[in-house]
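Peer 1: Okay, predicted coordinates and the sequence, questions at the end:
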Amino acid sequence: MSTKMKADVVVIGSGAVGSATAYFLAKEGKKVIVLEKGHSIGCGQSCRNGGMNKIDGRGLGELPIAIYGLKCWKDLSQDVDTEYVEKGGIRIALDDEQQEYMERFLPFGKEAGLHLQSMTGDQLREKIPEFSPRITGAIYCQEESKMNPLKTTLGIYSAARRLGVTYVSGEEVCALHTRQGRIYAAETKNGNLYEADQILVAAAYGSRQILNTVGIDLPLYSYYEEIFVTEKIPKILDQMFVSAKVTYYGEQQENGTILFGGASGFGNYPNREWYPDSYQDRKRLPAEARALVDLFPCLADTRVVRGWGGWMDISPDDSMMLGETVEIPGLFVACGFSGHGFGVSVPAAKVTSEIMCGKKPGADISHVMYDRFSKHMDMFTGADRNHLINDIQKK
Amino acid sequence: MKTYGSDRGFSGEAFVPKEDDDVIICRCEEITRGEIRKAIYDGMRTISEIRRYLRPGMGPCQGMTCERNVRGILARETGLPLSQIPGYRPRSPQRPVTLAELGNESEEEGGGV
Amino acid sequence: MIETDICIVGAGPAGLSAAAAAGEAGASVLVVDENFKAGGQLFKQVHKFFGSENHKAGTRGIRIGEQLLDRARKAGAVFRLRTLAYGFFENGVLGLYDMDSQELGLVKAKKYIFATGAIENVLPMKGGTLPGVMGAGAAQTLMHLYHTRPGNEIVMVGSGNVGLIVSYQLMQSGAKIAALVEAAPKISGYEVHARKLLRAGVKMYTSTTVSEIKGEDQVEEVVLTELDSDFKPIPGSEFSVKADTVCVAVGLSPLTELLQMAGCKLYFSKVLGGFVPLHGRNLKTTHDDIYLAGDCSGIEEASTAMEEGRIAGIGASAEIGFGTDKADELIKQAQERLDELRQGPFGDRRKSGMEEIFTEYEKGAWA
């Protein structure tokens, strides 16, 4: 039996971005319905990531939003138990070439207002002696932070519910509909119709197919990464850490467990059917285990308790895609977070809610608009997983 | 209380503490029955959500001790039959293994395909 | 990568029987088990089995275990004990961790037989995390594998066969059973076991449950309460029993993690212990290369585990061309013995549970 529901806003996707946008909109008095295709809330990247906010090393276009996040995260943490800890982050170099690669970013970061400090491996080990002697240098960014992604995503969901947001799970959107050129409704596989003046598509890679139904396409591709978690151990590290080219990352959660993951090269497999999100590659765990022990020799006897993986939606310049679509007024997008979305999920949601309410966004989003690629086709340089500086974003 | 699934709306009922709320269900993480019941009232309506929100099943035993009981509590609170409540998703490694051990691939037996 | 025709995970009665059957058919067999001893639950079963001669009536579980192990070895099965199967990966590869060499290895078998058994259910109780609270199976392991008496004054919760048998074994080890407690109005295990305990003076309380376990650093006192016909505690009916140990025997649940990792579909069967992998009469799961046997296919007994192991071992080997001439006949015989075991009031329920699973599997909707 199909039903029809009406709201001010329909959000497609219940992850951190979708739920936080719903939360902020509800605070502005909007009636919001969130549609989640899965059985559970926030079961995509929001519950699979490493729980950190890396700012230094992001595409430059994302920096304003990441910096806005410093305020957004703290405000949200008053209402939701995020375990947000802002004790900085470290980017690690294992040779001079990597150090030089990282330092290219320093002027841009500093210009954006970040406190960045370059240091030698010895200086790093003076502060955190557990780091391996192999590390030759590092960049420390004061503003970086870590948080508990599971508690945060579901905490935002719970808070949004308290504010009156309606969540519907097991409800997969199959098509969007317009009326007189404006967005009108989302139709689901169950045959239900959700009508609203504004619809936000925050469904990661699934966003692409949903937008296709109204003639919009986004240059997103899928990529799979794996991660693991250890047992609880006494605190050795407050800061999150990543490699120079952000190919692996890790941090120690407030509860004492250590999360560690990264790219393997196996991730860019076009056939998603063969790789359900329960997939674990047999070579990944041993490789990741060796890598972590390489970085922290003291962890050799720490036990790994669980490994998992997740699909990411990657954009050509590794940066998010936001904004109201030019093609269809009332239709908004928030996707393409390229595997480092969790740290900026809250500010991205905040600016999205702001523009949806007709306000000026609290951060400059002009360099992360969803249609930047088609606009600058002549300057498009193509996808590079470790892309550091994109000329388009300097405009 | 409304069952979950396609409608997660408010049940309208307030959380009522019960006498046995202090019984420990997840020993690894020391999570009580009351905390699990409260989480369900806070909107956690699937095993996956309860696990992520409160951490039962995330300790070293990975749910061997608590999974059945958490499913039971969810069944009782939501009115869903146990047959519709799956367990925790099993992952590798099946028992905790140290990082050194996990990285120690046998020369003869680890290679190949 | 280790290559073998058949890889069996679990060296309990089901796994050992499968190993013997597959080895005798001519297949190369690798058996892995995370324990230091093969035999699974059999090495804890010091009591004599009963039933027909086919089912080793009159023989103690430990002897049956030794015989099976011997037979499997003679059939050429290779054993890797203290070896954990830590994950099942794409393309049918099983990850192994060898606890002795501390090395990781991989197995690629043509067919797998999972005989991973079951785990004891945990009963949440107030004070249930005090030292001295344990599963009845755990108590049995302490006694028969580690030769340690779990405690001196024991409250046993649960009157199924496990609760009754372990109570008797605890008494044989020199402990006193302070009380045997059952929430239902009737004792649920075999009468022959219950009578042995009653003759020995054990107090059994039906329609009773544990309301609280008290103690400073360990179990010291168990507060019991009577239940009404709706299983609700009757206020004012509490009474205390002095004890230093509480053993819990409230059922088993199949261990199916590796099967799930391999993508095997599950089916819910209350009578068989919960979610079990969907499988056919030939013990094949919804994964074309994976068979199963024993308690992981549904909670039954050691004797049914052995027959299932045989059926799976013969079937898996025949599928890859070993022992095809004898397979049908041997499976038929094992199936007949299995049907014999699933008779009587206890067996009937399990039989209909299994039939339901086979019917669902044969429907083929999972394909």
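Peer 2: Yes, it's here.

Peer 1: need the residues of the stretch 201-350 of chain A near chain B, please.
Peer 2: Counting by CB under 8 Å from any CB of the partner chain, the residues of the stretch 201-350 of chain A close to chain B are A:229-232, A:255, A:278, A:280, A:285-287, A:289-290, A:292-293, A:299-308. Using the backbone N, CA and C atoms, a C-beta is placed for each residue, glycine as well.

Peer 1: do the helix or strand hosting residue B:50 and chain A meet?
Peer 2: Assessed by DSSP states H and E, residue B:50 sits inside helix B:47-54. Yes - Helix B:47-54 comes into contact with chain A when judged by CB under 8 Å from any CB, the residues involved being B:48, B:49, B:52, B:53.

Peer 1: which residues touch the last one?
Peer 2: Pointing back at residue B:53 there. Taking CB atoms under 8 Å, 6 or more residues apart in numbering or on different chains as the contact definition, residue B:53 lies against A:150, A:151, A:154, A:155, A:158, B:39, B:42, B:44.

Peer 1: residues contacting the closest residue to the first one other than its chain neighbours?
Peer 2: Spatial nearest neighbour of residue A:150, excluding adjacent residues (CB to CB, 6 or more residues apart in numbering or on different chains): residue B:52 at 3.8 Å. Applying CB under 8 Å, 6+ apart to residue B:52 gives the contacts A:42, A:47, A:150, A:151, A:153, A:154.

Peer 1: now those residues as a markdown table including neighbour count?
Peer 2: Output for the contacts of residue B:52, formatted as a markdown table (neighbours: other CB atoms under 10 Å in any protein chain shown):
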| residue | neighbour count |
| --- | --- |
| A:42 | 27 |
| A:47 | 23 |
| A:150 | 24 |
| A:151 | 22 |
| A:153 | 32 |
| A:154 | 32 |
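
Peer 1: and those, which of them are in helices?
Peer 2: Secondary structure defined by DSSP state H assigns A:150, A:151, A:153, A:154 of the contacts of residue B:52 to helices.

Peer 1: quick one: which two of the residues you listed are the most distant?
Peer 2: Within these, A:151 and A:153 form the most distant pair, 7.7 Å apart (CB to CB).

Peer 1: what about the chain, any weak spots by pLDDT?
Peer 2: Because you didn't say which chain, this covers chain A. In the predicted model of chain A, residues A:1, A:264-277, A:375-395 satisfy pLDDT under 70.

Peer 1: oops, I was thinking of chain B
Peer 2: Applying pLDDT under 70 to the predicted model, the residue ranges of chain B that meet it are B:1-12, B:110-113.

Peer 1: Output the longest helix belonging to it.
Peer 2: Ranked by residue count under DSSP H, the longest helix found in chain B is helix B:67-78.

Peer 1: which helices and strands does that one pack with?
Peer 2: strand B:24-26, helix B:33-41, helix B:47-54 (3 or more CB pairs under 8 Å, 6 or more residues apart in numbering or on different chains; DSSP states H and E).

Peer 1: Quick check: buried residues in that helix?
Peer 2: B:67, B:68, B:69, B:70, B:71, B:73, B:74, B:77, B:78 (16 or more other CB atoms under 10 Å in any protein chain shown).
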